[in-house]
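Participant: Kindly generate the corresponding structure for this input.
(one chain, ligands or ions: 1)
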Amino acid sequence: MSLILETTRRRTFAIISHPDAGKTTVTEKLLLYGGAIQMAGAVKSRKTDRGATSDWMKMEQERGISVASSVMQFPYKDVMMNLLDTPGHEDFSEDTYRVLTAVDSALMVIDVAKGVEDRTIKLMEVCRLRDTPILTFINKLDREGKEPIELLDEVEDVLKIECAPMTWPIGMGKRFKGIYHLYNDTIRLFAQADGQRASEGELIQGLDNPRLDELIGGMADELRDEIELVRGASHEFDLETFLQGKQTPVFFGSAVNNFGLQELLDGFAMYAPPPKGRETEDRFVKADEDKMTGFVFKIQANMDPAHRDRVAFMRIVSGKYEAGKKLKHVRIGKDVKISKAITFLANKREQAEEAYPGDIIGLHNHGTIKIGDTFTEGEVLKFTGIPNFAPELFRRARLKDPMKMKALQKGLTQLSEEGATQLYRPISNNDLILGAVGVLQFEVVAQRLADEYNVACQFEPVNVATARWVIGDKAEISKFLDKVTDNVAYDAADQLVYIAPTRVNLQLTEERWPNLKFVATREH
Ligand code: G4P
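Facilitator: Predicted coordinates:
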């Protein structure tokens, strides 16, 4: 198929939700509809990425399988869906942020009883930075919850986005009878899921159809009145407003019962945007350009414990990937032949023969690829917008067996490439200091060092309050390095970092060196 056809049929998205709203269940059912899995329950990361550390550790053990589901490609009707998983735990918000730079739209899942929750608010803020179009699925209608009208008001008030109901629930909880599609004028009656199959409740054409009265009695007239009211009181779906990220089409259903998801998927296929281009430092790269370009938004070390491989996830922005393609690794200025990229078909990894804009391919990484790297067919470009945040928590790695120093350095460096932690090597001593955004990261790193690098290590408090990348011209930097030796370190990418023992110290240093910049967020 032609590049343009393949590109326009791609839909690359992520699910944003608060833990427990039903992200995992929705993912499973979408894969089921896409025919990508035979049986729900194949999404192995189920529940392991939320809550306690022990859950996370369990996910670590299942890593070979669970991480493969971090990108899931499946066909639905004429479109090809790329669903990118986002880590559930708030300690991994940086990862989530970067995943969201690689999607073109997002699906927001809300629990009908809980409404808008904190994590959703945060993730929504991230989506807003790029005006990412958002579709909404209100889940668990088989349980009692808030009144649908109230819920839409809440979404509008709290998330500051217009709601355009596409389907409307008929009752809820014990009285849940189905959904009415406001644009197709069809009613799908609710049927409890039968095992793993998608439920296929009866479909009735037309709100005035007497069959409806036959089946749901008095509720039919209630529904007719309610729909009239809803049509009057809510926003009509407007494609343009949705694409600008200012309006969200809303679907209702019950994921665990496979109910209402088909309507959602149809809406996705029809309205969600095809791959968009991306900004670089010099120009905007359009998705329909012939030459291939892409950027790396995520790195995963030791994906397959048996092979100790490190995989860089690249979003293709333009052009076509074919096995054996030669690409320029712009940052290091080298041409590399990519022969064994990985695609992520549902839950199995396969070698990619070809891939198109919007697709994610996995590149084997031997330490040369970093988050934010750009690949092209030769042009010198750098995609922007993939940030790195300065961590706020710091610990010194304390080795149990001093003979393992090399392995420790290697482990910490490789795990830092994933972007969730930062490694600092002070210039004045041999410490290895790890910075992280969440405290759970230290436990995860210690566990992974033991499992994947066979190094026992502890993390102990260290006198670092905050870190800033130091930016300035060469002469000024060398002057700085002559004067200041304490509190200066290099990160894993050999960038100069000031690790301040206190915020006051940082402020003083900033005042003392007005020609240098001390930055908290660095674009890769
Ligand atoms: P998450 O990934 O967003 O954290 O949520 P997940 O899908 O794991 O769902 C959280 C809980 O909500 C699960 O129950 C799940 O079965 C339930 N759930 C999901 N969709 C629906 C729905 O449409 N209706 C109802 N009633 N429940 C739903 P659990 O008890 O935590 O786990 P499980 O024992 O059911 O697997």
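Participant: what bits of the chain have low per-residue confidence?
Facilitator: 1, 35-69, 88-93, 192-200, 302-308, 345-352, 389, 523-524 (pLDDT under 70).
Participant: thought K320 was touching L3?
Facilitator: Yes: between K320 and L3 there is a contact under Cβ atoms under 8 Å: 5.5 Å. All C-beta spots, glycine's among them, are computed from the backbone N, C-alpha and C.
Participant: Find residues that contact each of the two.
Facilitator: Overlap of the contact sets of K320 and L3 (by Cβ atoms under 8 Å, 6 or more residues apart in numbering) consists of Y356.
Participant: next one: stretch 330-342 to chain centre, how far?
Facilitator: When C-alpha coordinates are averaged (Cα atoms, centre = their mean, to the nearest Å), stretch 330-342 and its chain have centres 24 Å apart.
Participant: who's in contact with that stretch?
Facilitator: 311, 321, 323-329, 349-352, 355, 361-364, 368, 370, 373-376, 380-382.
Participant: try it again with 7 Å
Facilitator: For stretch 330-342, the surrounding residues in contact (Cβ atoms under 7 Å, 6 or more residues apart in numbering) are 311, 321, 323-329, 349-352, 361-364, 368, 373-376, 380-382.
Participant: Which single residue of the stretch 401-524 of the chain ends up nearest the ligand?
Facilitator: Ranked by Cβ to the nearest ligand atom, the top residue of the stretch 401-524 of the chain for proximity to the ligand is L440, at 16.7 Å.
Participant: I'd say I187 and L212 touch.
Facilitator: Yes: contact criterion Cβ atoms under 7 Å: I187 and L212 qualify, at 6.1 Å.
Participant: Okay, and the beta partners of V296?
Facilitator: M314 (DSSP bridges).
Participant: how near is it to the ligand?
Facilitator: As defined by Cβ to the nearest ligand atom, to the nearest Å, V296 lies at a distance of 26 Å from the ligand.
Participant: Identify the residues contacting that residue.
Facilitator: Residues in contact with V296, defined by Cβ under 7 Å, 6+ apart, are A312, F313, M314, I369, I371, G372, D373.
Participant: Next: K382.
Facilitator: K382 is in contact with T280, E281, V330, T374, counting by Cβ under 7 Å, 6+ apart.
Participant: quick one, phi psi at it?
Facilitator: phi -140, psi 110 (degrees, to the nearest 10).
Participant: What sits closest to it if chain neighbours are left out?
Facilitator: E281 (4.7 Å; Cβ to Cβ, 6 or more residues apart in numbering).
Participant: What count of nearby residues applies to that neighbour?
Facilitator: A count of nearby residues for E281, using other Cβ atoms under 10 Å, gives 11.
Participant: do the same with K174
Facilitator: 8.
Participant: can you check G411 too?
Facilitator: Neighbours of G411 (other Cβ under 10 Å): 25.
Participant: Which of the three states applies to it?
Facilitator: helix (DSSP: H, G, I helix; E, B strand; the rest coil).
Participant: and what of the one 3 residues further on?
Facilitator: Under three-state DSSP, the three-state class of Q414 is helix.
Participant: And V484, how close does it get to G294?
Facilitator: According to Cβ to Cβ, to the nearest Å, V484 stands 39 Å off from G294.
Participant: same check, this time on T86
Facilitator: For T86 relative to G294 (Cβ to Cβ), the value is 20 Å.
Participant: The two: who's more crowded?
Facilitator: A side-by-side neighbour count of T86 and G294, using other Cβ under 10 Å, places G294 first with 28 against 23.
Participant: from memory the more buried one sits against V317, does it?
Facilitator: Yes: at 5.5 Å, G294 counts as touching V317 under the criterion of Cβ under 7 Å.
Participant: now the strand or helix carrying E510: how far from the chain's centre is it?
Facilitator: Using DSSP states H and E, E510 sits within helix 503-512. Distance of helix 503-512 from its chain centroid, counting by Cα atoms, centre = their mean, is 36 Å.
Participant: Quick check: what element follows that helix along the chain?
Facilitator: strand 517-519.
Participant: Please list the residues of this structure that sit near the ligand.
Facilitator: If contact is defined as Cβ under 6 Å from any ligand atom, the residues of the chain in contact with the ligand are 17, 19-25, 47, 50, 139-140, 142-143, 254-257.
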